[in-house]
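In: Kindly generate the corresponding structure for this input.
(one chain, ligands or ions: 2)
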Amino acid sequence: MLTMKDIVREGNPVLREVAEEVSLPASAEDKKILQDMLDFVINSQDPELAEKYELRAGVGVAAPQIGISKRMFAVHVTDEQDQLYSMGLFNPRIVSHSIEETHLEGGEGCLSVDRDVPGLVPRYSRITVKGTTLEGEEVSLRLRGLVAIVFQHELDHLNGIMFYDRIEGFKDKLKKELPHLKG
Ligand SMILES: O=C(O)C[C@@H](Cc1ccccc1)[C@H](O)SCc1ccccc1
Ligand code: NI
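Out: Ligands and ions are numbered 1, 2, ... in the order given. A predicted model of the protein is given here:
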């Protein structure tokens, strides 16, 4: 099973690579890796397992975070309507998004970042994501709220982007929109 020792930390160049498409249908090896990633996220939310294996609670993990530069990630997160999104996705991509943006009030964290980085991270409020599930099914998901933010955080990992790369944008954007705040 995956534990925190398998999570690469910032500074490791793999986190700054653009990950490779996964050839489909996925090999047994790629399916095993993605299933292990999904199990890791689920385990991280189980208080007993998290304590026993010293897992940091997470709602997603991307393959580059375990040192594998492939376009796949796993999420286990419940949205505001209590709909559970528990899945592994191969070759996920945003096919459309709102202009409107949102952010988590407390900012974001990352399993690969062992420090607090304050600041709001702008994300699209609504996205449509396509990808292929562990079962080999092509899905199209219309997402909003926390789930949309989680998918965008994980998708960024596939493109070598860390959440704090986006924090400056937010301040610059704020200054542009509210020049009187310049300072
Ligand atoms: O590092 C990762 O990719 C896992 C992150 C994903 C994430 C961070 C911030 C915002 C959205 C997604 C971990 O899940 S961080 C822990 C966490 C737990 C619950 C809600 C948000 C973040
Ligand atoms: Ni992260």
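In: how near is Met1 to Leu55?
Out: 10 Å (CB to CB, to the nearest Å). The C-beta positions use only the backbone N, C-alpha and C, and glycine is treated the same way.
In: what sits in contact with each of these two?
Out: Phe40, Asn43 (CB atoms under 8 Å, 6 or more residues apart in numbering).
In: More neighbours: the two, which one.
Out: Leu55 (21 against 10; other CB atoms under 10 Å).
In: who touches that one in this structure?
Out: Thr3, Met4, Phe40, Asn43, Ser44, Leu49.
In: Kindly indicate the member of these with the most neighbours.
Out: Going by other CB under 10 Å, Phe40 tops those with 25 neighbours.
In: what about the spatially most central residue of the chain, distance to ligand 1?
Out: The C-alpha lying nearest the average C-alpha coordinate of the chain belongs to Glu154 (CA atoms, centre = their mean; 1.9 Å). Glu154 sits 6 Å away from ligand 1 when distances are taken as CB to the nearest ligand atom, to the nearest Å.
In: which residues touch the top helix by length along the chain?
Out: Taking DSSP state H as the criterion, the chain has its longest helix at helix 28-44. Contacts to helix 28-44, defined as CB under 8 Å, 6+ apart, come from residues 1-3, 6, 22, 26, 49-50, 53, 55-61, 63, 66, 68, 70, 72-76, 86-88, 90, 134.
In: Near ligand 1, which residues of this protein are found?
Out: Contact residues (CB under 6 Å from any ligand atom) of the chain with ligand 1: 57-62, 104, 108-112, 149-150, 153-154, 157.
In: May I have stretch 83-96 as PDB, with CA atoms only?
Out: Extracted in PDB, the C-alpha atoms of stretch 83-96 (Å, rounded to 0.1, in the frame of the first residue of the first chain):
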ATOM      1  CA  GLN A  83     -22.300  13.300  -4.100                       C
ATOM      2  CA  LEU A  84     -19.200  11.100  -3.600                       C
ATOM      3  CA  TYR A  85     -16.600  11.300  -6.400                       C
ATOM      4  CA  SER A  86     -14.300   8.300  -5.800                       C
ATOM      5  CA  MET A  87     -12.400   7.500  -8.900                       C
ATOM      6  CA  GLY A  88      -9.200   7.100 -10.700                       C
ATOM      7  CA  LEU A  89      -8.900   8.800 -14.100                       C
ATOM      8  CA  PHE A  90      -6.500   8.300 -17.000                       C
ATOM      9  CA  ASN A  91      -5.700  11.200 -19.300                       C
ATOM     10  CA  PRO A  92      -8.100  13.700 -17.600                       C
ATOM     11  CA  ARG A  93      -8.600  17.000 -19.300                       C
ATOM     12  CA  ILE A  94     -10.800  20.100 -18.900                       C
ATOM     13  CA  VAL A  95     -12.900  20.400 -22.100                       C
ATOM     14  CA  SER A  96     -14.800  23.500 -21.000                       C
END
